[in-house]
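# Next come a sequence and a model predicted from it.
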Amino acid sequence: MMNAFDRFDALHAGSADPTMAAHRRAWRVAIAAICLYTAWLVAWYFDTVASMVSIWYRSETFAHGFTILPISLWLVWQKRRELARLAPAARISFWPLAAIAVATVLWLLGDLADVLAARHFAWVTLLIAGIWMILGTEIARRLAFPLAFLYLAVPFGEFMVPTLIEWTANFTVSALRASGVPVLRDGMTFQIPSGSWSVVEACSGVRYLIASFTVGLLYAYVTYRTLGRRVAFVIASLIVPIFANWLRAYGIVMIGHLSNNRLAVGIDHIIYGWIFFGVVMLLLFWAGTLFQERQRPAQIGDTDGSAAPPGPGHRTFAAPLVYATVLVASLIAPGVLRAFPQSDGGRVVDAAPPALGEWQPVAESLVDWRPAFLPPRATIASTYARGGERVGLLVAVYYDQSADSKLVSSSNVLVDANDHTRYVASQRERTVDLGGRTLPVQDSILRLRGESVLARTWYWIDGTVTASPARAKLAQLRERLLGRGDSGAIVLVYGPLSQGDADSAGVDDLTREVAAKLPGILAERLRARDTP
């Protein structure tokens, strides 16, 4: 089967026009340059690419990432006849250079602050901007959607999980009550007469939402010609799976309730969910066909049967200089990163529990629970006693951070989502009065096998204290830019709660002692680590 360039050759068989020969050579050189540039980016940003692929591999939510590049290439292939009529016009243009500059800065900041999504988006932008410069603006404009589609390979969207979980729980509880089923709710867990149910991460619907958006975006591009219909269908592909997931959760609970927990409580729970989602998506696409334009969408590869010879404006311009520019520009971020000091991870921090005013560390266990944090470099943990009061303290110290050991991560949670005997009943951000200043904290009420515990957490980064993960990331970035390293800690003060209580005087008192003395203790111990 002849490819686009063979057809182009056949149409001009016998022609000795040197412009045509230059046109074909330009395409072959451009394709080779794109392949070289892609390999170059993979080599220099290998850790970034490897982290993206590893997330695709281990996460069902982002497994679709493996399909994005093949789909993008297929979309380009559909345009092969149209593209064959144009010649690559490699130019050093302002906009792709600006995109490369923004991407290099984003990647550098993402690496310093250890934000994977920033590095992933930056890498894809570097790839797209480089292709743009190699092919020229005219061809890049025609490939805008296939190139932009590559952004869907970035594992992004898990930040929506807590909100989606809460929405799903709210709808399920309301629908159950509207159906006449009495419900007693405690956080994301609720009791009905036939048993107990929990809305966990797998129930959030984020997998359905991301899958629906990806497929919906592709469907809208292929099916419709007008921007309005495309945008409307994409919006529908975002709204429909959210409502469908609510109905799915409600339906599963009702099936379990009506069958006395004989159905929808094991593997069939998952099977019912995916079957329901599949049916909903089929209905969505069927509804989409009702709004398809009468005129068949112009096929991406259709031409009028002739290939217009490229004019002088399509000739390549200083192509070797353009190729060298994109290769060198892509090296800026890794080169600048080398200028920042790299820490020595071989040293250790003193993990002995310090005395904190009247509170003294004691060798006894307070509760049968530890938070599910990524492994810290050091852990300062103990039960503290003052008279008959007992309060726990855990300080997870991080430095020389990596993907498997970092301070701010969605993986650092108080309770493992897979542990159905423990759960977070409620969370709130508040400030604790320290007498002249305040301490921002996050208070969480945990249910640990029937026992209630108040868990109070905050971040400490070289003098900065905050309960916000975003502010903690910014503080880390500031410290890295100032050359002070990446050390920090998660501070956790916790204690049992009496029935119906939301506060603990012991936790409040120990919090004030920790806020007053722990920053100096941590600064001293971390400085000792850096002293030869």
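That came through fine. Numbers count the residues shown, from 1 in each chain.

# Strands of the stretch 401-532 of the chain, start to end?
For the stretch 401-532 of the chain, strands defined by DSSP state E, counting those that start in this stretch occupy the ranges 422-433, 438-448, 451-461, 464-466, 488-496.

# In TSV: those strands, plus mean neighbour count, distance to Val181 and mean pLDDT.
The way it works is simple: take the backbone N, C-alpha and C, and place the C-beta from them, glycine included. Putting the strands of the stretch 401-532 of the chain into TSV (neighbours: other CB atoms under 10 Å; distance: least, CB to CB, whole Å; pLDDT from 0 to 100) gives the following:
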stretch	mean neighbour count	distance to Val181	mean pLDDT
strand 422-433	14	21	86
strand 438-448	19	22	90
strand 451-461	22	26	92
strand 464-466	18	42	90
strand 488-496	24	32	93
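
# Those strands: which one's closest to Glu479?
strand 451-461 (6.3 Å; CB to CB).

# what's Trp458 in contact with, if anything?
Residues counted as contacts of Trp458 (CB atoms under 8 Å, 6 or more residues apart in numbering) are 439-442, 465-467, 490-491.

# And for Lys517?
So Lys517 contacts 354, 356-357 (CB under 8 Å, 6+ apart).

# the domain parsing of the protein - what is it?
For the chain, automatic domain parsing gives the domain ranges 4-156+311-337, 159-289, 360-530.

# Let me know the average pLDDT across the one helix or strand Ser174 maps to.
Ser174 belongs to helix 161-178 when assigned by DSSP states H and E. In this model, helix 161-178 has a mean pLDDT of 90.

# Flag the shaky bits of this protein, pLDDT-wise.
Scanning the chain for pLDDT under 70 picks out 1-20, 22, 261, 263-273, 294-319, 338-348, 499-502, 528-532.

# center of it - which residue?
Phe156 (3.1 Å; CA atoms, centre = their mean).

# Check the secondary structure at that residue for me.
Secondary structure, DSSP: H, G, I helix; E, B strand; the rest coil: Phe156 is coil.

# thinking again about what came up before, in a markdown table, list the domains of the chain along with distance to Val349.
As requested, those are arranged in a markdown table below (distance: least, CB to CB, whole Å):
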| stretch | distance to Val349 |
| --- | --- |
| domain 4-156+311-337 | 19 |
| domain 159-289 | 31 |
| domain 360-530 | 4 |
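
# List just the one of these that sits closest to Asp350.
The nearest among these, by CB to CB, is domain 360-530 at 5.0 Å.

# and the closest one, how far from the chain's centre?
Relative to its chain's centre, domain 360-530 lies at 24 Å (CA atoms, centre = their mean, to the nearest Å).

# Show me what stretch 423-436 is in contact with.
186-189, 198, 414-415, 438-447, 452, 456, 467-468, 508, 511-512, 515-516.

# and the next element down the chain from the host helix or strand of Gly130?
Gly130 is part of helix 116-135 when elements are defined by DSSP H and E. Per DSSP H and E, the first helix or strand lying C-terminal to helix 116-135 is helix 137-142.

# For that next one, which residues meet the burial criterion?
For helix 137-142, burial by neighbour count (16 or more other CB atoms under 10 Å) applies to 139-140, 142.

# What is the nearest of those to Leu284?
Using CB to CB, the buried residues of helix 137-142 come closest to Leu284 at Arg142, 28.7 Å.

# what's near enough to touch that closest one?
Contacts for Arg142 (CB under 8 Å, 6+ apart) come out as 79, 82-83, 86.

# most neighbours, which of the contacts of Lys517?
Within the contacts of Lys517, Leu356 tops the neighbour count with 22 neighbours, counted by other CB atoms under 10 Å.

# Count the neighbours of the residue lying closest to that residue once chain neighbours are set aside for me.
Once flanking residues are discounted, Leu356 sits nearest to Glu513: 4.1 Å by CB to CB, 6 or more residues apart in numbering. By the criterion of other CB under 10 Å, Glu513 has 20 neighbours.

# Likewise for His120?
Other residues near His120 number 24, with proximity taken as other CB under 10 Å.

# same check, this time on Ser504
Other residues near Ser504 come to 23 when the count uses other CB under 10 Å.

# ok, now how distant is Ile210 from Met160?
9 Å (CB to CB, to the nearest Å).

# if you count what's nearby, which of the two comes out ahead?
Neighbours were counted for Ile210 and for Met160 using other CB under 10 Å; Ile210 has more, 21 against 16.

# who's in contact with Ser330?
With contact taken as CB under 8 Å, 6+ apart, Ser330 is in contact with 37, 40-41, 44, 100, 104, 126, 130.

# out of those, which one sits closest to Gly216?
Using CB to CB, the contacts of Ser330 come closest to Gly216 at Leu126, 27.1 Å.

# Surely that closest one is in contact with Leu106?
No. Leu126 is not in contact with Leu106 according to CB atoms under 8 Å; the separation is 9.5 Å.

# The two: who's more crowded?
Neighbours around Leu126 and Leu106, counted as other CB under 10 Å, are more numerous at Leu126. The numbers are 27 against 19.

# which residues touch the closest residue to that one other than its chain neighbours?
Spatial nearest neighbour of Leu126, chain neighbours left out: Ala103 (4.7 Å); criterion: CB to CB, 6+ apart. Ala103 makes contact with 122-123, 125-126, 129 under the criterion CB under 8 Å, 6+ apart.

# now the residues you listed: which count as buried?
122-123, 125-126, 129.

# can you redo the strands of the stretch 401-532 of the chain as JSON lines with distance to Gly228?
Below are the strands of the stretch 401-532 of the chain laid out as JSON lines (distance: least, CB to CB, whole Å):
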{"stretch": "strand 422-433", "distance to Gly228": "41"}
{"stretch": "strand 438-448", "distance to Gly228": "43"}
{"stretch": "strand 451-461", "distance to Gly228": "45"}
{"stretch": "strand 464-466", "distance to Gly228": "43"}
{"stretch": "strand 488-496", "distance to Gly228": "48"}
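
# Relative to Tyr398, which of these is closest?
The nearest among the strands of the stretch 401-532 of the chain, by CB to CB, is strand 488-496 at 5.7 Å.

# Tell me the span between the first and last residue of stretch 133-145.
16 Å (CA to CA, to the nearest Å).

# Quick one: the helices in the stretch 251-400 of the chain, in order.
267-289, 319-329, 332-337 (DSSP state H, counting those that start in this stretch).

# in the second one, what counts as buried?
Across helix 319-329, burial judged by 16+ other CB under 10 Å covers 319, 322-323, 325-327, 329.

# Just the closest of these to Ala148, please.
Comparing the buried residues of helix 319-329 against Ala148 with CB to CB places Val326 closest, at 18.6 Å.

# Let me have the contacts of Ala103 in JSON lines, adding distance to Asn170 as columns.
Output for the contacts of Ala103, formatted as JSON lines (distance: CB to CB, whole Å):
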{"residue": "Ala122", "distance to Asn170": "36"}
{"residue": "Trp123", "distance to Asn170": "37"}
{"residue": "Thr125", "distance to Asn170": "37"}
{"residue": "Leu126", "distance to Asn170": "41"}
{"residue": "Ala129", "distance to Asn170": "42"}
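
# From those residues, pick the one nearest Ile68.
Trp123 (13.3 Å).

# hang on, the closest one packs against Trp40?
No. Trp123 is not in contact with Trp40 according to CB under 8 Å; the separation is 11.9 Å.

# any residues touching stretch 490-501, and which ones?
Residues from elsewhere that reach stretch 490-501 (CB under 8 Å, 6+ apart): 366-367, 371, 373, 376, 390-396, 398, 407, 412, 445, 451-460, 504, 506-507, 510-511, 514, 518.
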